[in-house]
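J.: Make a model of this:
(chains A and B)
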Amino acid sequence: MNQTIIELVDLTKKYGSFTAVDQLNLTVRKGEVFGLLGPNGAGKSTTILMMLGLTEPASGMVKVCDINSTENPIAVKRKVGYLPEDVGFYPDRSGLENLMFIAQLNHLSEYEAAEKAEELLARVGLSKEAHKKTGKYSRGMRQRLGLAEVLIKNPEVIILDEPTSGIDPTGIREFLELIVQLSKEEGITVLFSSHNLHQVQQVCDRVGLFVHGKLIAEGDIQSLSQQLFANEPYIIEAGIAEKEVPAGKEKNGHKLNELLSNIEGVTSVKQKGKLLQIGCSQDVTADIARQLVGAGADLNSLHKKEYGLDDIYNRYFEGGAYE
Amino acid sequence: MSNQENRNSNSESNQPMKSKKRKLKRQAIHPFRVLVQKEVSDQVRSWRFIILLAIIALTCLGSLYASLSDIGKAIKPNDPDGSFFFLKLFTLSDGTLPPYIIFISFLGPLLGISLGFDAINSERNRGTLSRVMAQPIHRDYLINAKFMAALIVISVMMFALGFLVMGIGLLIIGIPPTPEEFWRIVFFNVLSIVYVAFWLNLSILFSVKFRQAATSAMAGIAIWLFFSVFYNMIINLINRATMPPKYAPPHYIIGHEKLILNLMRLSPSQLFSEATSTLLMPSVRSLGPLTMEQVHGTIPSPLPLGQSLLLVWPQLTGLIAGTVICFALSYVFFMRKEIRSR
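T.: I've put the predicted structure just below:
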């Protein structure tokens, strides 16, 4: 499982004076689900295009399945399934016909193509719509058909570019479950780009954070949060009742702040209206509750927050950690 | 996924499919052929092709009617084309409707433009371009297949129409064409295909360059209108402005005539009409001005097929060159283009 399947070395892509991808180094191991995370225009799509040999890098090297994508794109495309962002199909052909067309482009005979297409349509749950024209498909159905199409060539790697944008939440969940299932059952490596943190968090084994063409952090979510929040692994949010706040907002707040700061293990206290955010180096939830109640504050809620991608994201993009 | 039911219901709904499947080929075909097949079937199924086919078939029958209603008067004594009676089907008209060749030279560009104007940009706008490009095929397969498929469609259509006119004419006038006439008609059809292919490639070029299908269609139609309407007017203006005086030495006048003719020949429709009239009217002996000395002593007899072909060779090469240039340009632009999703 530790075999490298995608390898990027010092990859750079320039459009005129604009550097879309800057000295990128990245490895993806066989069988894992890797999430490329970054805001729009971070260079995710460009990186993906270079992996497929659809765009030539200015410098650096891309290897997918040990094949250089720039020099030998056809061989790479034989092993890699790519689902572009906002995938489109020939609207006046049925889903089955669209699939068969792509299958035949992959050197399958008409017969094999039909067989495989039906099997995959069943797999992605589109059997009933197989003979419906794709022009009438909904966005989510198109996306699922796209996944079937990606699978029809028996890929070793599948690359999904923003696969979940524009689908409703149920659709997204189903789609992501399908991806994970595939990766686990068939040992397919999945690389998927997104700007949506929660989806990436749900399914990815490892994540790469991308900003302005640079990979600024890489690893699984746990190690990322450890790396980033080394001194504050816990955050506890305490909600204080409304009536308490207007009574003496400033004063009261300060009092509580002081109280809490005195607890051992608490490193920072922030107040946002009626919400107190307490950062601590160890789990001191019980102490905090005791202190708050003891101080006469009406404690409404107490919530232990673990760092998710959201926080990681905020740290980087809004917190300015990347300057 | 939610598909246990799906999977089950599927096995029943698949029954008709199973029987259909027996007819499917078990031999894999080359991806390029897959692409061409798909393009051809796309073209033939599309509404615009059906509409165009209807327009062109109607005008062909109309022009056939026009030529047939007048064909009795066409037989004149001492007519050098008299022995090529059958070809008159294509060139003759009673004045109500233009003859077949004029129709083709007018509608051919429209056919070419409409088959190609959305070749590449529609793929891009539908989001299918990046999907197809992600398959293990060479990038130029797509544009080659588009060209190839449209060419096949045009060829079949042109030959079908040409032979249709021939066949109906044969039924009505009852005189079979001589072998030479037959070959002249075949070469005329080939020429029409090359002519339409030129416009096809021009519109494919626009479809690579312009993102919007409407823009590329407009660009194609603008060029077509320019050459069929305005170009002649411009040439007339130049002609009048540069006309040598009446009593100028003959070589001046001839030089001027040649200049104007060569300017005219920059227009593909001029090349086409020169070439077709030479092929279908064997008495045409030269496409440039002839002096009295050159004409002196010639017998007004038709040229043999080989000589007619030699005469139109420059026109044919000109048209092919135009086609190739347009294709090469679109090829280069397409290969350089970055394939992004929509």
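J.: only C-alpha atoms for contact and neighbour calcs from this point on.
T.: OK.
J.: How many residues are close by the closest residue in space to residue A:116 that isn't next to it in sequence?
T.: Spatial nearest neighbour of residue A:116, excluding adjacent residues (Cα to Cα, 6 or more residues apart in numbering or on different chains): residue A:152 at 6.8 Å. Neighbour count of residue A:152, defined by other Cα atoms under 10 Å in any protein chain shown: 23.
J.: which residues does residue A:152 contact?
T.: Residues in contact with residue A:152 (Cα atoms under 8 Å, 6 or more residues apart in numbering or on different chains) are A:99, A:103, A:116, A:117, A:120.
J.: Which secondary structure element of chain A has the lowest mean pLDDT?
T.: helix A:244-247 (a mean of 46; mean pLDDT, DSSP states H and E).
J.: And the residue nearest to the spatial centre of chain B, how close does it get to residue A:286?
T.: When chain B is reduced to its mean C-alpha position, the closest residue under Cα atoms, centre = their mean turns out to be residue B:196, at 1.7 Å. The gap separating residue B:196 from residue A:286 is 84 Å, by Cα to Cα, to the nearest Å.
J.: before we move on, back to that, wait, what's in contact with the residue nearest to the centre of chain B?
T.: B:108, B:109, B:111, B:112, B:154.
J.: repeat for residue A:61
T.: Contacts for residue A:61 (Cα under 8 Å, 6+ apart) come out as A:8, A:9, A:10, A:11, A:68, A:70.
J.: from those residues, which would you call buried?
T.: Buried members of the contacts of residue A:61, counted by 16 or more other Cα atoms under 10 Å in any protein chain shown: A:8, A:11, A:68, A:70.
J.: who touches the third one in this structure?
T.: By Cα under 8 Å, 6+ apart, the contact list for residue A:68 reads A:61, A:62, A:76.
J.: Could you measure from it over to residue B:338?
T.: Look at residue A:68 and residue B:338: by Cα to Cα, they are 19 Å apart.
J.: residue boundaries of the helices in the stretch 51-200 of chain B?
T.: B:71-74, B:88-91, B:100-116, B:121-126, B:129-133, B:139-173, B:179-209 (DSSP state H, counting those that start in this stretch).
J.: Mean pLDDT added to those helices, as JSON lines?
T.: Shown next, in JSON lines, are these (pLDDT from 0 to 100):
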{"stretch": "helix B:71-74", "mean pLDDT": "71"}
{"stretch": "helix B:88-91", "mean pLDDT": "80"}
{"stretch": "helix B:100-116", "mean pLDDT": "87"}
{"stretch": "helix B:121-126", "mean pLDDT": "88"}
{"stretch": "helix B:129-133", "mean pLDDT": "88"}
{"stretch": "helix B:139-173", "mean pLDDT": "89"}
{"stretch": "helix B:179-209", "mean pLDDT": "92"}
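J.: Can you tell me which of those is nearest to residue A:270?
T.: Residue A:270 sits nearest to helix B:129-133 of all these, at 48.5 Å, using Cα to Cα.
J.: Show me what that closest one is in contact with.
T.: Residues outside helix B:129-133 that contact it (Cα under 8 Å, 6+ apart) are A:54, A:82-84, A:87-88, A:102, B:120, B:123-124, B:139, B:339-341.
J.: And what about residue A:210, helix, strand or coil?
T.: On the three-state scheme (DSSP: H, G, I helix; E, B strand; the rest coil), residue A:210 is labelled strand.
J.: Three-state assignment for residue A:191, please.
T.: Under three-state DSSP, the three-state class of residue A:191 is strand.
J.: which residues pair with it across the strands?
T.: Beta-bridge pairing for residue A:191 (DSSP bridges): residue A:34, residue A:159.
J.: And for it, the neighbour number?
T.: Using other Cα under 10 Å, residue A:191 is surrounded by 23 other residues.
J.: which residue packs closest to the residue of the stretch 101-250 of chain B found nearest chain A, ignoring adjacent ones?
T.: Relative to chain A, the nearest point of the stretch 101-250 of chain B is residue B:127 (4.2 Å; Cα to the nearest Cα). Sequence neighbours aside, residue A:88 is the residue nearest to residue B:127 in space, at 4.2 Å (criterion: Cα to Cα, 6+ apart).
J.: any idea whether the residue of the stretch 151-300 of chain A found nearest chain B is helix, strand or coil?
T.: Closest contact between the stretch 151-300 of chain A and chain B, by Cα to the nearest Cα, is at residue A:174 (5.9 Å). Here residue A:174 is recorded as helix under three-state DSSP.
J.: out of everything not next to it in sequence, what's closest to residue A:45?
T.: Among residues not flanking residue A:45 along the chain, residue A:161 sits closest, at 6.7 Å (Cα to Cα, 6+ apart).
J.: which residues touch that neighbour?
T.: Neighbours of residue A:161 in contact, by Cα under 8 Å, 6+ apart: A:45, A:48, A:82, A:83, A:84, A:85, A:192, A:193, A:194.
J.: If I look at it, what pLDDT would I see?
T.: Here the pLDDT value assigned to residue A:161 is 88.
J.: Could you check how far it is from residue B:271?
T.: Taken as Cα to Cα, the span from residue A:161 to residue B:271 is 50 Å.
J.: swap in residue A:61?
T.: From residue A:61 to residue B:271 the distance is 51 Å (Cα to Cα).
J.: same question, residue A:265
T.: Taking Cα to Cα as the criterion, residue A:265 is separated from residue B:271 by 91 Å.
J.: More neighbours: which of the two?
T.: Using other Cα under 10 Å, the more surrounded residue of residue A:265 and residue B:271 is residue B:271, with 21 against 15.
J.: could you list every residue that touches that one?
T.: Contacts for residue B:271 were tallied using Cα under 8 Å, 6+ apart; they are B:265, B:315, B:316, B:318, B:319.
J.: How about residue B:256?
T.: Contact analysis of residue B:256 by Cα under 8 Å, 6+ apart lists B:242, B:243, B:244.
J.: possible to save those residues as a markdown table with secondary structure and neighbour count?
T.: As requested, the contacts of residue B:256 are exported to a markdown table (DSSP: H, G, I helix; E, B strand; the rest coil; neighbours: other Cα atoms under 10 Å in any protein chain shown):
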| residue | secondary structure | neighbour count |
| --- | --- | --- |
| B:242 | helix | 11 |
| B:243 | coil | 15 |
| B:244 | coil | 17 |
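J.: just to revisit the earlier point, among the contacts of residue A:68, which lie within strands?
T.: A:61, A:62 (DSSP state E).
J.: any chance of the contacts of residue A:68 in TSV, plus pLDDT?
T.: Output for these, formatted as TSV (pLDDT from 0 to 100):
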residue	pLDDT
A:61	89
A:62	90
A:76	90
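J.: Secondary structure element holding residue A:277?
T.: Using DSSP states H and E, residue A:277 maps to strand A:275-280.
J.: Give the other helices and strands that that strand contacts.
T.: Using 3 or more Cα pairs under 8 Å, 6 or more residues apart in numbering or on different chains; DSSP states H and E, the elements in contact with strand A:275-280 are strand A:234-240, strand A:266-272.
J.: And for that strand, what's in contact with it?
T.: Residues from elsewhere that reach strand A:275-280 (Cα under 8 Å, 6+ apart): A:231-240, A:265-271.
J.: Could you tell me which strands that strand is paired with, and in which direction each runs?
T.: Using DSSP bridges, the strands paired with strand A:275-280 are strand A:234-240 (antiparallel), strand A:266-272 (antiparallel).
J.: mean confidence for the first one?
T.: The average of the pLDDT scores along strand A:234-240 is 77.
J.: Next, the buried residues of that strand.
T.: For strand A:234-240, the neighbour count (16+ other Cα under 10 Å) marks A:234, A:235, A:236, A:237, A:238, A:239, A:240 as buried.
J.: Which single residue in the stretch 1-150 of chain A comes nearest to chain B?
T.: Nearest to chain B in the stretch 1-150 of chain A, going by Cα to the nearest Cα, is residue A:109, at a distance of 3.7 Å.
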